[in-house]
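[1] model this:
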Amino acid sequence: MSIRLHIADDHMIFRSGLRAFIEKHDDLEVAGESGNGFDAIAWFRDNRADVLLLDISMPGLPGSGVARQLVEERPGIKILVLTMHDDEFYLREFFRIGCKGFILKSSPAELLVKGIREVAAGEVFVDPALSKYLVASYAGTVASDARAHDLTNREKEVCRVLAMGHTNEETAQLLNISRRTVETHRAAIMSKLGLHSRAELVRFAMENELLG
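    Numbers count the residues shown, from 1 in each chain. Down below sits the predicted model:
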């Protein structure tokens with residue numbers, strides 16, 4: 001019996017290429033696709049797949065929100081996170097939510113197939129390039145008194161978009177502000193909260209429910 005997959009990624013060309021590659025394997029079948037988080041959740045309410053291939057940065061609802069809601073609605077769902085982010089916090093946070101695998105988009109295609117098969121079989125799969133994070137302790141710390149109410153509404157918006165993995169330029173376009181304004185807000189956010197890296201910013205955004 002084939003392993004049924006759903007691909008949730010906002011890049012249509014990437015999804016098409018991924019579908020074509022996956023379906024070259026006799027034991028794999030793409031049952032559905034979605035280009036944003038809300039569509040992915042809606043699809044699973046009416047359909048079944050053995051494994052969800054989930055991108056982190058998607059419009060509407062980010063990958064973390066999709067994973068959290070589906071794990072709650074469909075206990076036992078098997079989610080393999082497929083991302084460009086080589087980041088320890090993303091890895092730890094998605095496993096905490098209940099995802100079963102984590103693989104980089106830059107990894108060899110056959111490694112993805114291996115990950116799909118292992119996750120479908122009920123095993124946990126981690127991209128070898130990320131295995132270092134499983135034994136390394138998390139070095140970043142967030143000030144204990146840092147809270148979302150320390151930020152202005154605009155700073156919260158900038159924080160949310162940056163934490164979803166967007167660059168300064170992409171954030172500027174999404175929020176219809178200048179890149180310089182984004183950089184100014186980013187500096188203020190990091191200073192107010194005592195943050196020193198993107199990983200810490202992502203952690204703060206998740207802990208304060210800024211990602212939705």
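[2] check which element follows the lowest-mean-pLDDT helix or strand in the chain along the chain.
    Confidence across the helices and strands of the chain bottoms out at helix 132-135, with a mean of 57, counting by mean pLDDT, DSSP states H and E. For helix 132-135, the following helix or strand on the C-terminal side (DSSP states H and E) is helix 153-163.
[3] from the centroid of the protein, which residue is nearest?
    The centroid of the chain falls nearest to Ile56 when counting by Cα atoms, centre = their mean (2.0 Å).
[4] and that residue, which of the three is it?
    Under DSSP: H, G, I helix; E, B strand; the rest coil, Ile56 falls in the coil class.
[5] now do Val81 against Lys100, distance only.
    With distances defined as Cβ to Cβ, to the nearest Å, the gap from Val81 to Lys100 amounts to 9 Å. Where you see a C-beta, it was placed from the backbone N, CA and C, and this is true even at glycine.
[6] more neighbours, the two?
    For Val81 against Lys100, the residue with the higher neighbour count under other Cβ atoms under 10 Å is Val81, and the figures read 28 against 23.
[7] domains of this structure?
    Residue ranges for the structural domains of the chain, counted by automatic domain parsing, are given in the record as 3-135, 148-207.
[8] for Ser2, give me phi and psi.
    When quoted as degrees, to the nearest 10, the phi and psi of Ser2 stand at phi -70, psi 150.
[9] just the angle for the longest helix seen in the chain relative to helix 153-163, thanks.
    Taking DSSP state H as the assignment, the helix of the chain that covers the most residues is helix 179-193. Between helix 179-193 and helix 153-163, the angle comes out at 100 degrees (axes from the mean of the first three to the mean of the last three Cα atoms, to 10 degrees).
[10] which strands and helices lie in contact with helix 179-193?
    When contacts are defined as 3 or more Cβ pairs under 8 Å, 6 or more residues apart in numbering; DSSP states H and E, helix 179-193 sits against helix 153-163, helix 168-175, helix 198-207.
[11] quick check, pLDDT for the residue nearest to the centre of the chain.
    Confidence per residue is given as pLDDT, and for Ile56 that number is 88.
[12] for Ala136, same thing?
    Value listed for Ala136 in the pLDDT field: 46.
[13] try Ala20
    At Ala20, the model reports a pLDDT of 93.
[14] please name every helix or strand in contact with whatever helix or strand it lives in.
    For Ala20, the host element (DSSP H and E) is helix 12-22. Based on contacts counted as 3+ Cβ pairs under 8 Å, 6+ apart, the elements that helix 12-22 packs against are strand 3-8, strand 28-34, helix 109-120.
[15] indicate which one of the helices and strands packed on helix 179-193 is closest to Glu23.
    Relative to Glu23, the nearest member of the helices and strands packed on helix 179-193 by Cβ to Cβ is helix 168-175, separated by 31.0 Å.
[16] counting by contacts, list what the closest one packs against.
    On a contact count with 3+ Cβ pairs under 8 Å, 6+ apart, helix 168-175 meets helix 153-163, helix 179-193.
[17] quick one: mean pLDDT over stretch 63-83.
    The average pLDDT for stretch 63-83 rounds to 91.
[18] residues making contact with it?
    Where contact means Cβ atoms under 8 Å, 6 or more residues apart in numbering, the residues beyond stretch 63-83 that reach it are 8-9, 37, 40-41, 44-45, 50-58, 61, 90, 93-94, 97-105, 112, 115-116, 119-120, 122, 125, 165, 206, 211-212.
[19] many thanks, have a good one.
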